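Visitor: Let's see this in three dimensions:
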Amino acid sequence: MKVSQMRLSTILLCLLLVAPGFCDLQLDTNVVSKNEDHLTIDIKYPAFSGLAASRQASQSVKKWVDATVAEFEGEFAKAKAEGLGGPPWSLDVDYPNIYQTPRLVALFFHGYDYRGGAHGMPVMAPLVIETASGKSVPPEGLFKPGSAYLQRLSKLCYQDLIGRKDTNWDEDWLRRGSAPEAANYQVLYPQADGLLVVFPPYQVDSYAAGPQEVVIPYAKLADILNPKLFSVK
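Guide: Residues are numbered from 1 along each chain as shown. Here you go, the predicted structure:
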């Protein structure tokens, strides 16, 4: 496996009201590249500088990348050992979306995971990092401990989705996929206009319908958001 590094000279734009040194965040893009018989991997991911916790933040990202590659290669090895044929496998991932506040940096990894079947699956993996510690924040960590955040997300997402006039929902499917269960709310991405909730293909609708997205304004979540990460009133 070849790991290369490309300097992006990326400096994120800042608002006026930010913490000292906050505008110094810079990113280097690392590339994990592997091209072997029936297996191709290409993952781009950032390494941080300019934050007090840059080293820990970079380690948090690398941990996710390593786990993603290990799972993909492990499944490929199993398929190969079982003599399964078919088209080559491929994993392509990039991070086109970055959202930054004084308290967090949110990456959104996008890509395509193909394992030789009729079709692959989109890669949609948010990674939220607390700037103070550099540690990654799990979905439940975006909210106050003990808050009924799943019930709130479920209610708001169901109302948004069922109200879309251009979609012919299977209501039972929609209710199951948007039910207040942690497994249904793993793809949560903080962005400027609210919390983006993404339902992958098959969760609330068919593969052909694609991922379904709901943006929940922060004002509707203000009382349950983790104050260490959000300053919503």
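Visitor: residue boundaries of the strands in the protein?
Guide: 2-11, 26-36, 39-49, 89-100, 104-114, 121-130, 136-137, 188-191, 194-199, 212-216 (DSSP state E).
Visitor: list the helices and strands the fourth one packs on?
Guide: With contacts taken as 3 or more C-beta pairs under 8 Å, 6 or more residues apart in numbering; DSSP states H and E, strand 89-100 sits against strand 39-49, helix 54-81, strand 104-114, strand 121-130, strand 188-191. Where you see a C-beta, it was placed from the backbone N, CA and C, and this is true even at glycine.
Visitor: let's see it at 7 Å
Guide: strand 39-49, strand 104-114 (3 or more C-beta pairs under 7 Å, 6 or more residues apart in numbering; DSSP states H and E).
Visitor: Redo the strands of the chain as JSON lines? Include distance to Gln159, mean neighbour count and mean pLDDT.
Guide: Putting the strands of the chain into JSON lines (distance: least, C-beta to C-beta, whole Å; neighbours: other C-beta atoms under 10 Å; pLDDT from 0 to 100) gives the following:
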{"stretch": "strand 2-11", "distance to Gln159": "37", "mean neighbour count": "10", "mean pLDDT": "41"}
{"stretch": "strand 26-36", "distance to Gln159": "37", "mean neighbour count": "16", "mean pLDDT": "94"}
{"stretch": "strand 39-49", "distance to Gln159": "35", "mean neighbour count": "19", "mean pLDDT": "95"}
{"stretch": "strand 89-100", "distance to Gln159": "25", "mean neighbour count": "18", "mean pLDDT": "95"}
{"stretch": "strand 104-114", "distance to Gln159": "24", "mean neighbour count": "19", "mean pLDDT": "97"}
{"stretch": "strand 121-130", "distance to Gln159": "22", "mean neighbour count": "19", "mean pLDDT": "97"}
{"stretch": "strand 136-137", "distance to Gln159": "26", "mean neighbour count": "20", "mean pLDDT": "96"}
{"stretch": "strand 188-191", "distance to Gln159": "17", "mean neighbour count": "21", "mean pLDDT": "98"}
{"stretch": "strand 194-199", "distance to Gln159": "12", "mean neighbour count": "21", "mean pLDDT": "98"}
{"stretch": "strand 212-216", "distance to Gln159": "9", "mean neighbour count": "18", "mean pLDDT": "98"}
